[in-house]
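> sequence and predicted structure are below.
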Amino acid sequence: MRGSAFEEVFEELGVYDEFEPTLEPDDPRDIVTLSYRRREWDEYKTVTQKQAMADPTPFFRLWEATEEEQEKTIAVMTELVTMEDDDIAKLDNITMKEWLEARDVPAPLYNYMGFQANASLAEPLDLVAASEQILIMKQFMLQGGGGQYKGGFGQLTTIMAREFERNGGTLITGARVERIVVEDGAVKGVESAKGNFTAPVVVSSAGIQPTVLKLVGEKYFDESYVNYVKALVPGWSFTSVRYFLNKPVMDTAIYVVWSDDSWLDTERFRKQKEGEEPDEVILFMCNHSFYDDNAAPPRQAGAGLGNGLLAEPPTRRRSRASGAAWTARCRSCSRRSGRRRSARSTTALATSPTSRATRCCPARVASASVWRRSSASAVR
Ligand SMILES: Cc1cc2nc3c(=O)[nH]c(=O)nc-3n(C[C@H](O)[C@H](O)[C@H](O)COP(=O)(O)OP(=O)(O)OC[C@H]3O[C@@H](n4cnc5c(N)ncnc54)[C@H](O)[C@@H]3O)c2cc1C
């Protein structure tokens, strides 16, 4: 990612040499695999692309976009990417769905935004603020979508904590803060399980609602601010599963799969909650060893190609979580998933955070249409 905030912090701390991105935005390799199905198609189509997303060509190929769709897409995305940050910030009270529907947006672009709202923001398109999604989409296009660093993100925070201590800070971990103390209208410190501490400034990362309503207490804030905080809706969430595989199944670093019907808005979510299981889910898969050899234990002989998802872990052959997923039965083809699946079926095998759907064959999943038919009116 170009212009990461971590870069600035490392420079200021005087440890810029230790800032080691493993993925540059102009990496010449194809980094991302996009797999997508339009509602009227039977099959998913797939393209690969480099990281930076300013070039719409792979999307147009993927979408089989008509010239008219291409022109409209370019118009909307040009508006989005050239917006000043100040103007973006004014869109806090308008949803991304409202922003898109005020424009002439081709269906594949609209559905891509629906997918991105879920995949990048863990939000539905009809709740996420346009300011948030536009900012992220702009960063995607101008700075590259992903940041990866040698040793992983944990290594960055380890170095930052080390420098904090080197500069005289004391790091106390595992200390639950019970109260943020406020006296005479100003913060005075914290009370924690490991003692009380005075401080002129307190930074809380516990989340805005727990911080304002519980740790500080609402009586210390204006009523209008308390009402604003209470009305905030927490983001949705998604489940990650880490697989340890003994041979490569992905030839790019990131693999995303979506269709016109697989992303969730509140209406689709409501239907699922009421028991209507979706035929398709969105998938986001990441192969960390693509950009960092040390992200995985040494590969077994013959695993080859330098792009395995992850090698076998050294201590046990597979985790409980992956074991459970590997023995799940695909509801489309009724086969037991097994270790000798093809790369295609392996990549498609996943459990959804919002459904219990488990699939191994995307083409057949795509053709199952009960949910699709019933939700066709929910989206353009
Ligand atoms: C499965 C998953 C995958 C994700 N993938 C990505 C990704 O690929 N890229 C990306 O950019 N983001 C990703 N995110 C989002 C990212 O992890 C979060 O946005 C980020 O961690 C939020 O940071 P935070 O410091 O605000 O909160 P947190 O990371 O939640 O940190 C808050 C901390 O405060 C502590 N705490 C809470 N209350 C108290 C208390 N009373 N006293 C003391 N400590 C307290 C908590 O224990 C916690 O350690 C992912 C999130 C999930 C769940």
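Thanks, I have it.

> near the ligand, which residues of the stretch 51-200 of the chain?
With Cβ under 6 Å from any ligand atom as the criterion, the stretch 51-200 of the chain meets the ligand at residues 176, 177. (Each C-beta comes from the backbone N, C-alpha and C, glycine too.)

> switch the cut-off to 8 Å
By Cβ under 8 Å from any ligand atom, the residues of the stretch 51-200 of the chain that approach the ligand are 122, 146, 147, 175, 176, 177, 178, 192.

> from the residues you listed, which has minimum pLDDT?
Lowest pLDDT among these: residue 146, with 76.

> is it true that that residue touches residue 252?
No - the pair residue 146 / residue 252 is not scored as a contact, 11.7 Å apart, by Cβ atoms under 8 Å.

> comparing these two, which shows the higher neighbour count?
residue 252 (20 against 17; other Cβ atoms under 10 Å).

> returning to what we had before: list buried residues within the residues of the stretch 51-200 of the chain next to the ligand.
Taking 16 or more other Cβ atoms under 10 Å as the criterion, what is buried in these is 146, 147, 177, 192.

> what about those residues, which are in strands?
Using DSSP state E, the subset of these located in strands is 177, 192.

> quick one: contacts for residue 187?
Residues counted as contacts of residue 187 (Cβ atoms under 8 Å, 6 or more residues apart in numbering) are 180, 181, 199, 200, 201, 202.

> same question, residue 125
Applying Cβ under 8 Å, 6+ apart, the residues contacting residue 125 are 95, 96, 97, 100, 113, 114, 117, 133, 263, 265.

> just residue 294 next, same as before
Contacts for residue 294 were tallied using Cβ under 8 Å, 6+ apart; they are 150, 151.

> from residue 155, how far out is it?
Distance, residue 294 to residue 155, by Cβ to Cβ, to the nearest Å: 10 Å.

> and for residue 269?
Going from residue 269 to residue 155 by Cβ to Cβ gives 36 Å.

> in the stretch 251-380 of the chain, what residue is nearest the ligand?
residue 286 (7.3 Å; Cβ to the nearest ligand atom).

> number of residues surrounding that residue?
Neighbourhood size, residue 286 [other Cβ under 10 Å]: 17.

> likewise residue 28?
Residue 28 has 7 nearby residues by other Cβ under 10 Å.

> mind checking the SS state of it?
Following DSSP: H, G, I helix; E, B strand; the rest coil, we place residue 28 in the coil state.

> just to check, it is in contact with residue 51?
No - applying Cβ under 8 Å, one finds residue 28 not in contact with residue 51, separated by 10.0 Å.

> Three-state assignment for residue 188, please.
With three-state DSSP as the basis, residue 188 sits in strand.

> can you pull the contacts of it?
By Cβ under 8 Å, 6+ apart, residue 188 lies in contact with 181, 182, 198, 199.

> list buried residues within these.
Using 16+ other Cβ under 10 Å as the burial test, the contacts of residue 188 include 181, 182 as buried.

> in strands, which of the contacts of residue 188 fall?
Assigned to strands by DSSP E, the following of the contacts of residue 188 qualify: 181, 182, 198.

> can you tell me the closest non-neighbouring residue to the first one?
Right, the one you point to is residue 181. Among residues not flanking residue 181 along the chain, residue 188 sits closest, at 4.5 Å (Cβ to Cβ, 6 or more residues apart in numbering).

> got a list of what whichever residue of the stretch 1-150 of the chain sits closest to the ligand touches?
Residue of the stretch 1-150 of the chain nearest the ligand, by Cβ to the nearest ligand atom: residue 122 (7.3 Å). Neighbour list for residue 122: 235, 236, 237, 238 [criterion: Cβ under 8 Å, 6+ apart].
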